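Asks: here is a sequence together with a model predicted from it:
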Amino acid sequence: MATAIGKGHHSLYANFRPCYSLPSCKNTGEYSGPEYQVVRGVVESLKIITRQANLRVAEYAFHYTKEHGRERVSAIHKANIMQKTEGLFLKGSREVAEKTSEKSCSFCCLVVSNLYGNIISDLCAGLVGGLGLTASCKIGEGGIALAEAVPGSAPDIAGKNSANPTTLLLSGVSILRHLNLHDKPDQIQNAILDTIAEGKYRTADLGVFPGFFSRSRITSAVSIMGKLM
Amino acid sequence: MGGRSIAAGSMTLKGMVKHAIGSGRSVTYMPRPGDGAPRGVTLIPGDGIGPLVTRAVEQVMEAMHAPVYFERYEVHGDMKRVPEEVLESIRKNKVCLKGGLKTPVGGGVSSLNVQLRKELDLYASLVNCFNLPGLPTRHHNVDIVVIRENTEGEYSGLEHEVVPGVVESLKVMTKFCSERIAKYAFEYAYLNNRKTVTAVHKANIMKLADGLFLESCRQVATKYPSIKYNEIIVDNCCMQLVSKPERFDVMVTPNLYGNLVANTAAGIAGGTGVMPGGNVGGDHAVFEQGASAGNVGNEKLVEQKEANPVALLLSSAMMLRHLRFPSFADRLETAVKRVISEGKYMTKDLGGVSTTQEVVHAVIANLD
């Protein structure tokens, strides 16, 4: 199938092949990957949205909302512009919403497609104090969970014992919760929050106090706090 | 002049504010004979709050006796296409002022706002996000100009259902479009004495598409050695915007990121109700509210006539400069800034209780 791209100043044609293995593709949206140079100076990037992936992520969002006592789910989209792809994403979210009879209002739990998810989560991190404080957990089929520090390997501070350990500690907490262990993770989370609130031990990215403390000192501070509880 | 009564109670304060905000003249220039002849501007009131705020601009222009006359056309977001007569009018006048056109979500009609930009090849969208004195926000010293590619990228409109339940959307990036938007951004920075241009991208993931965009920016940057150039990934960009926005100056972005970044920047600098902007191409310019957060206001705003006219008023000042009427532009801008700074007449989104008309009367009263 050939498609004309653009109008007026360039009348070029592109060929693309539908990807039949998509239903089992775990990675959709803008990060699906297929990108190619059509002719010199013209590149196409394919964004693929599948109903199956949408339903899965929407179901998880509603499940999470219920599990954690949150009240609302908001679907973030750009369906006024990308009517079919984003429209499909919205349709999936609405379907799940009806099934679980939840209403979407404003921001408590957000269900988003791939690119927006990255943007919005970083933006929210910026609002709360930076990437050093946010946890992340990726869920897969069959109950697989991968918890990691929010993306970014920060090679400039590697090996200097100055990285903020909070994010990985909090991600560890989400793994414990995923495994349905609830009292230990609560204890650890409270210890972390108390350490930060106390303000005595902070890494450079949290900036407020002159000088900074090493990761290992902070981790020990957290465990001391934890033992006292 | 109507509106004297509004100003009467605060003459001293007004005098002080006038002095502080500056009623100074713009840099003097020598017009060509005939430059004062009235210019025609196509006016599209649009949907939602559009008619309210475009009416506000008409009133202020009349009060100033600005050398512009408006040719009004009804266009609505649920039409299939922008009517040909409207396009003809814009091609004739070269300049248009419009309210938003509401795009139905999820299917059927494609966005008329996007159609207009593509038909007239308005390849650059510009939004100026800055702190206004009198409007306190979380961050200070914000003065960001977002220059966004307006015709391709994720907005190519090429979508199809491959098999039921699987949809593909093509993001098309071309060297041609990337280069010309980069050139516009650097030229803007050069003409306005701006120090840095930052390219926003996601080339770690979309290596070819965003990579092409970056390559074009880098090439153009070499032609402007006095302007600093750097790059930032869009996720990090959004994070920095909400934590340290003062470090940004001019930003150049592809279509989708520009939309998100411009609305974010508008939000942190005071809201979409006050930021001016426009779309420009080689031959035409269409001015509208800088950032609209994808909507045309809610019904309540329209019913109670409480829409904020500031953004469109400031955009019309940009339009006056574009038409080479700098002193009218200065007078309009100064009046609007005084009204905001005094804080007495502000609409709900700025924390006040005024209607659109009350703000308009206040602006007219503050005109030099």
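Replies: Nice, I can see it. Note that this is a predicted model, so its numbers are computed, not measured.
Asks: near chain A, which residues of the stretch 201-350 of chain B are found?
Replies: With the criterion set to C-beta under 8 Å from any C-beta of the partner chain, the stretch 201-350 of chain B comes near chain A through B:202, B:205-209, B:211-212, B:234-236, B:238-243, B:256, B:259-260, B:264, B:294. C-beta coordinates here come from the backbone N, C-alpha and C atoms, glycine included.
Asks: of these, keep whichever come out buried.
Replies: The neighbour-count test (16 or more other C-beta atoms under 10 Å in any protein chain shown) applied to those identifies B:202, B:205-206, B:208-209, B:211-212, B:234-236, B:238-243, B:256, B:259-260, B:264, B:294 as buried.
Asks: B:Asp283: neighbouring residues, count only.
Replies: B:Asp283 sits with 11 neighbouring residues when counted by other C-beta atoms under 10 Å in any protein chain shown.
Asks: er, B:His322 actually
Replies: B:His322: 15 surrounding residues under other C-beta under 10 Å.
Asks: surely it touches B:Asn279?
Replies: No: because the distance of 11.4 Å does not satisfy C-beta atoms under 8 Å, B:His322 is recorded as not touching B:Asn279.
Asks: just the ones of the residues of the stretch 201-350 of chain B next to chain A in helices?
Replies: In helices, defined here by DSSP state H, the members of these are B:209, B:211-212, B:234-236, B:238-243, B:256, B:259-260, B:264.
Asks: phi and psi next, for the spatially closest residue to B:Arg138 that is not a sequence neighbour.
Replies: For B:Arg138, ignoring the flanking residues on the chain, the nearest one in space by C-beta to C-beta, 6 or more residues apart in numbering or on different chains is B:Ile268 at 6.8 Å. For B:Ile268, the backbone dihedrals are phi -80, psi -20 (criterion: degrees, to the nearest 10).
Asks: got the contact list for B:Ile268?
Replies: Taking C-beta atoms under 8 Å, 6 or more residues apart in numbering or on different chains, we find B:Ile268 in contact with B:Cys129, B:Thr137, B:Arg138, B:His139, B:Val142, B:Leu241, B:Val242, B:Pro245.
Asks: in which helix or strand would I find residue 168?
Replies: By default, I'm working from chain A. The secondary structure element spanning A:Leu168 is helix A:166-178 (assigned by DSSP states H and E).
Asks: to clarify, I was referring to chain B.
Replies: In this structure, B:Glu168 sits in strand B:166-174 according to DSSP H and E.
Asks: which element follows that strand toward the C-terminus?
Replies: helix B:175-191.
Asks: helices or strands next to that following helix in the packing?
Replies: Here helix B:175-191 is seen to pack against strand B:124-130, strand B:143-149, strand B:196-201, helix B:209-222, strand B:250-253 when contacts are counted using 3 or more C-beta pairs under 8 Å, 6 or more residues apart in numbering or on different chains; DSSP states H and E.
Asks: buried ones in the fourth one, by neighbour count?
Replies: Meaning helix B:209-222. By neighbour count, and taking 16+ other C-beta under 10 Å as the criterion, the buried residues in helix B:209-222 are B:Ala209, B:Asp210, B:Gly211, B:Leu212, B:Phe213, B:Leu214, B:Ser216, B:Cys217, B:Val220, B:Ala221.
Asks: does chain A sit close to the strand holding B:Glu168?
Replies: Yes: judged by C-beta under 8 Å from any C-beta, strand B:166-174 and chain A are in contact via B:Val166, B:Val167, B:Glu168, B:Ser169, B:Leu170, B:Lys171, B:Val172, B:Met173, B:Thr174.
Asks: show me the shaky parts of the chain.
Replies: No chain specified, so I'll use chain A. Counting by pLDDT under 70, chain A has low-confidence residues at A:1-33, A:101-115, A:128-164, A:167, A:182, A:199-229.
Asks: nope, chain B please
Replies: Per-residue confidence of chain B (counting by pLDDT under 70) places the weak regions at B:1-27, B:106-109.
Asks: identify the residue nearest the geometric centre of it.
Replies: B:Gly277 (1.4 Å; C-alpha atoms, centre = their mean).
Asks: chain A - how does it break down into domains?
Replies: Structural domains assigned to chain A are A:1-150, A:153-228, following the TED database.
Asks: B:Arg117 sits in which helix or strand?
Replies: Counting by DSSP H and E, B:Arg117 is part of helix B:112-119.
Asks: ah, wrong one, I meant A:Asn118
Replies: Following DSSP H and E, the helix or strand that holds A:Asn118 is helix A:114-128.
Asks: which strands or helices does that helix pack on?
Replies: helix B:234-243.
Asks: now the helix it packs on against strand B:124-130, angle please.
Replies: Helix B:234-243 and strand B:124-130 are oriented at 30 degrees to each other (axes from the mean of the first three to the mean of the last three C-alpha atoms, to 10 degrees).
Asks: next, the angle helix A:114-128 makes with helix B:234-243.
Replies: Using the same axes, to 10 degrees, helix B:234-243 lies at 30 degrees relative to helix A:114-128.
Asks: measure how helix B:234-243 sits relative to helix B:209-222, angle-wise.
Replies: Direction vectors for helix B:234-243 and helix B:209-222, defined by the same axes, to 10 degrees, enclose an angle of 60 degrees.
Asks: distance from the chain centre to helix B:234-243, please.
Replies: The gap between the average C-alpha position of helix B:234-243 and the chain average comes to 21 Å, counting by C-alpha atoms, centre = their mean, to the nearest Å.
Asks: top of the contacts of B:Ile268 by neighbour count?
Replies: When neighbours are counted as other C-beta under 10 Å, the busiest of the contacts of B:Ile268 turns out to be B:Cys129, with 31 neighbours.
Asks: for that one, what are its contacts?
Replies: Contacts for B:Cys129 were tallied using C-beta under 8 Å, 6+ apart; they are B:142-146, B:262, B:265-266, B:268-270, B:275, B:290-291.
Asks: re earlier: how about the helix holding A:Leu168 and chain B, any contact?
Replies: No: with C-beta under 8 Å from any C-beta as the threshold, helix A:166-178 lies outside contact range of chain B, at a closest distance of 13.6 Å.
Asks: next SSE after that helix?
Replies: Tracing the chain past helix A:166-178, the next element assigned as helix or strand by DSSP H and E is helix A:183-198.
Asks: pull up the overlap in contacts between B:His322 and B:Asn279.
Replies: With C-beta under 8 Å, 6+ apart as the test, B:His322 and B:Asn279 both reach B:Ala285, B:Phe287.
Asks: would you mind listing what in the stretch 51-200 of chain B touches chain A?
Replies: Residues of the stretch 51-200 of chain B lying close to chain A by C-beta under 8 Å from any C-beta are B:103-108, B:110-111, B:114, B:118, B:121, B:152, B:154-156, B:158-176.
Asks: go again using 6 Å as the cut-off
Replies: B:103, B:105-107, B:155, B:158-159, B:162, B:165-175 (C-beta under 6 Å from any C-beta of the partner chain).
Asks: and the residues you listed, which of them are buried?
Replies: A residue is treated as buried here by neighbour count (16+ other C-beta under 10 Å); on that basis the buried members of those are B:103, B:105-106, B:155, B:158-159, B:162, B:165-175.
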